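Asks: fold the following.
(2 chains)
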Amino acid sequence: MGETLLKKVWDLHTVRQLPTGQTQLFIGLHLVHEVTSPQAFDTLRANGWTVPFLDRTFATVDHIVPTLERKRPFLDVMAEDMMASLERNVRDFGIRFVGLDDIRQGIVHVIGPELGLTQPGMTIACGDSHTSTHGAFGSVAFGIGTSQVRDVLASQCLALEPLKVRRIRVTGTLSKGVYAKDVILAIIQRLGVQGGNGYAYEYAGDAVDRMSMDERMTICNMSIEGGARVGYVNPDDTTVNYVRGRPYAPPPDQFDRMAAWWKSMASDVNAVYDDEVEIKAADLTPIVTWGVNPGQSIGVDDRVPDPASTSDPKAVTDALGYMGLTPGQSLEGMKVDVAFIGSCTNSRLSDLREAARIVKGRHVAPHVKGLVVPGSSTIAKAAEDEGLADVFREAGFEWRGAGCSMCLGMNPDKLEGNQVCASSSNRNFKGRQGSPTGRTLLMSPAMVAAAAVAGEVTDVRELL
Amino acid sequence: MPRISRITGRALPMRGNDIDTDRIIPARFLRSITFDGMEQHVFEDDRKSAGGPYNRHPFDVKHFQGAAVLLVNSNFGCGSSREHAPQALMRWGIQVIVGESFPEIFFGNSGMIGMPCVTAAPADVAALMDLAERAPATEFAVDLVAGTCRAGQLTVPVSLPPKMREAFTSGAWDTTGMLLDRFDEVREAANRLPYVTGQALS
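Replies: Reported below is the predicted structural model:
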C-alpha cells in the first residue's frame, strides 16, 4: 500500500511518541516574526535556554510594518517596541534576520519560498496560521501559537497529534477570469470552514499540476480558512524549477540529488486517503464572499442566500446584517470604498501582473482608495523594474512598501467606519481589517482590480 | 506543572458557531510584547458594537462575571493562531472550555497554557447553556477524570483524548520539558534528514 506525502514526511521527522499520545516532530525550518515570538523569547531567557538549531531558524518582520513611512522609530510606539524587541531577541540568540533595510524583507510566507528556505519534504513551523502556504512545495507546514514557538525555539520540535489526509482533486480547465483564489474559495465554500478540522488537505488533479508555484501558494495559504491546519501539493518539476538557484537552495553540485529526493517524497500513486473530493474547474466562476467567514461566498453572478433556506439562519441573518446586505441580493454593483491588493495570499509578482493587466489604461473610481502592497521588497523591486508600479500609480492606486498591510489591522493600513473593502486577502471576519465595523469582500486580485476601476463589485470576465 | 483534574465555578455561555480569534481578541491588541492586560480586551469589538445577536454581550452580563467555565458551540477559536486569544480568556478567569468542537490550533494553544478544551454533544452543550442562562448562579463542575460536566441536576459526558487527559490530571503537560527530555534523540532525528546532512537518500 502506498503512502501519502504527509505520512512520509511525518515518519521521517518523528523523534518519538510522547506520553501525552502526541508525536514529537522535528521541525526543519522555523520562521519567526515580531507578533507571536516576544513572550516565547522571554521564557527562553527566564529558563536559561538557548536556540540549539540556529541554522534551521530564520526571522523577519511583517505584521506591524508601516507600508508608507518605514523610518525608525515608528510613529506607533507599540509597533516600535515590538520591532526593537525582535531586533534584540535575534541579536541575543543569534538568529538570522532580515529587517526593513534589507531587500529580502517581506511577508514571512512570501520570503520563505522566495529565498529558497522553503523546500519539499521539510517540516516547517511559524507562529502564524497561514504557514500552510509553504505546503505548496510539498513541505508539511504548521501554524502555531506562542507557547509552541517557545517549544520550537528551545527544542526544534513540536508535540503534535496525527492528521488524516483528504485529497482534493481539481480537474479540468479554469475559465478565463477564474483563478487559484477562486479555486480555494470554492473548496472552502463546498467543504465549510470546519470541514478540514483534523485533516491535512492534499491538493491534486490536473488543474493543480498545471499551476505555477504562486498559484499553488494561494491555494495552500487558505487551507486554514477551511479548517485544515496543513495543506500541500506534491512536489514536481514546477517545484524543483522554482527552488533551483535561490539563495538558500541546495548548492548546484547537490541540487539534482536533492531534487530526486524531493520527488520521492510525493504521495505514491496507490496512496490511500481518509477522504477524497473532486472539484471540476470548468464549473467555477469568479467568487466573492458576502459574509463574515471565508466559507460564506457566492459566484459573482449568483445571489446572497436567504437565511430561511440555510442550515444556520441565525448566523446567516447576523452576517448579512453586519455586511448591510438583504437576502437574495446580488453582489454585483455593491459599492466598494477600498480596493486592497496584497497579503500572503495574493501579493506575488504574478498576482500584480494580472491585476495590472486589468487596470492598465483604466482609472480607479473617484470614491475608491486603491492600495497595492507587494509581498516582499524583492517583488516590489521586480514590479518597479518591469513597469507594473507605474501602471498602478497611473491608474490611481497607491504603491506601498512590503508588509501584511490591510490584511489584519496591526499597522496603519486600516479600514475606517463601515467601509467596504474589495480585498485579495484571506479573512473576512468581523473587524478583521482594522475597523470594528469594516466590511471585507474576499476575491481574486483581478476581481479587486476590476472592483477598483468600476467602483463596485463587478465581473472581471467583462474586462478581460 | 499543576495537576488539572477538576474545575468548578459558574459558567458563561457564548453562543454561536465559528467564533474566530479576531473576535476573541482584535489584532490591534496584539501590538504588545507581553500578554499582560489581554483580558481587558476580550471580545472588545463585539462588546462595544450595538445590536448583534445579544442585547448585551455575555462577557458583560453581571451574573457571568467571575465565571470559570466557558460554554461554546462548534469550531470556537477558528482563524488566526494567536495564542493571545486563549491567554485573554484565561486571564479573564476562564479555566476550562466546554464546546461542540474546536479547531486544532486553538485546542493546542489552550492546552499548552493549562486551559483544557473538552467536547460534548451538541444537545448537551445546549442544555448546559440553557441552564447557565436560566440559573447563572449554578455551580458547574468539569471533572476530567470522570469525563463529566455536572451542573445542578444535569450530568453530561465530556471528552478529551485519553492521554491528554492523563497529562492534565497528572500534571505532566509541560511540553517543552518533554521535548527537551531526550535531546540526543532530537539530534539523531536531525541527522537522518537529507536537507540537514546535505546527503540525499538514494
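Asks: give the buried residues for the longest helix seen in chain B.
Replies: Longest helix of chain B, by residue count under DSSP state H: helix B:122-134. Buried residues in helix B:122-134, counted by 16 or more other CB atoms under 10 Å in any protein chain shown: B:Asp124, B:Val125, B:Ala126, B:Leu128, B:Met129, B:Leu131, B:Ala132, B:Glu133. No exception for glycine: its C-beta is placed from N, CA and C like everyone else's.
Asks: what strands line up against the helix or strand just after it, and which way round?
Replies: As assigned by DSSP states H and E, the chain's next helix or strand after helix B:122-134 is strand B:140-143. In the sheet, strand B:140-143 lines up against strand B:6-9 (antiparallel), strand B:148-151 (antiparallel) (DSSP bridges).
Asks: packed most tightly, which of the ones you listed would that be?
Replies: Mean neighbour count (mean count of other CB atoms under 10 Å in any protein chain shown) peaks for strand B:148-151 among the strands paired with strand B:140-143, with a mean of 20.
Asks: in chain B, which spans are helices?
Replies: B:21-24, B:44-48, B:84-92, B:104-112, B:122-134, B:162-170, B:175-181, B:183-190, B:194-197.
Asks: burial measure for the residue in chain B that chain A sits nearest to, as a count.
Replies: Residue nearest to chain A within chain B (CB to the nearest CB): B:Lys163, separated by 3.0 Å. Residues lying near B:Lys163 (other CB atoms under 10 Å in any protein chain shown) number 14.
Asks: look up how far A:Glu215 lies from it.
Replies: Computed as CB to CB, to the nearest Å, the B:Lys163 to A:Glu215 distance reads 40 Å.
Asks: go on, A:Leu6?
Replies: 21 Å.
Asks: what's the answer for A:Ser129, then?
Replies: Here the criterion is CB to CB. By it, A:Ser129 lies 20 Å from A:Glu215.
Asks: show me which residues of the longest strand seen in chain A are buried.
Replies: In chain A, with assignment by DSSP state E, the single longest strand is strand A:164-171. Across strand A:164-171, burial judged by 16+ other CB under 10 Å covers A:Val165, A:Arg166, A:Arg167, A:Ile168, A:Arg169, A:Val170.
Asks: who's in contact with the fourth one?
Replies: What it means is A:Ile168. Contacts for A:Ile168 (CB atoms under 8 Å, 6 or more residues apart in numbering or on different chains) come out as A:Ile187, A:Tyr201, A:Glu202, A:Tyr203, A:Ala204, A:Gly205, A:Glu276, A:Val277, A:Glu278, A:Ile279.
Asks: spell out the secondary structure type for the closest residue to it other than its chain neighbours.
Replies: Closest residue in space to A:Ile168, ignoring its immediate chain neighbours: A:Val277 at 4.9 Å, by CB to CB, 6 or more residues apart in numbering or on different chains. Here A:Val277 is recorded as strand under DSSP: H, G, I helix; E, B strand; the rest coil.
Asks: quick revisit: now render the contacts of A:Ile168 as TSV, adding pLDDT and distance to A:Leu325.
Replies: Below are the contacts of A:Ile168 laid out as TSV (pLDDT from 0 to 100; distance: CB to CB, whole Å):
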residue	pLDDT	distance to A:Leu325
A:Ile187	98	23
A:Tyr201	98	29
A:Glu202	99	35
A:Tyr203	99	31
A:Ala204	98	35
A:Gly205	98	33
A:Glu276	98	34
A:Val277	98	29
A:Glu278	98	31
A:Ile279	98	26
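Asks: just for the stretch 151-300 of chain A, where's the confidence low?
Replies: For the stretch 151-300 of chain A, applying pLDDT under 70 flags no range at all.
Asks: ugh, wrong one, I meant chain B
Replies: B:50-55, B:201-202.
Asks: swap the cut-off to 50 and go again
Replies: By pLDDT under 50, the low-scoring segments of chain B are B:52-53, B:202.
Asks: looking at it, A:Ala79 is touching B:Ile33, isn't it?
Replies: No - if you go by CB atoms under 8 Å, A:Ala79 and B:Ile33 don't touch, sitting 10.9 Å apart.
Asks: in a helix, A:Tyr201, correct?
Replies: No - A:Tyr201 is assigned strand when assessed by three-state DSSP, not a helix.
Asks: nearest to chain B: which residue in the stretch 351-464 of chain A?
Replies: Closest point on the stretch 351-464 of chain A to chain B, by CB to the nearest CB, is A:Pro436, at 3.8 Å.
Asks: which residues touch that residue?
Replies: A:Lys430, B:Pro26, B:Asp45, B:Lys48, B:Ser49.
Asks: which residue sits closest to the last one, ignoring its sequence neighbours?
Replies: Once its chain neighbours are removed from consideration, B:Ser49 has its nearest residue in A:Pro436; the separation is 6.2 Å (CB to CB, 6+ apart).
Asks: tilt between the helix or strand just after the longest strand of chain A and strand A:164-171?
Replies: Along the chain past strand A:164-171, the next helix or strand (assigned with DSSP H and E) turns out to be helix A:180-191. Here helix A:180-191 runs at an angle of 120 degrees relative to strand A:164-171 (axes from the mean of the first three to the mean of the last three CA atoms, to 10 degrees).
Asks: now for the buried residues of strand A:164-171, which pair is the farthest apart?
Replies: A:Val165 and A:Val170 (16.0 Å; CB to CB).
Asks: doesn't B:Ala68 make contact with B:Ile7?
Replies: Yes - counting by CB under 8 Å, B:Ile7 does reach B:Ala68; the two are 6.1 Å apart.
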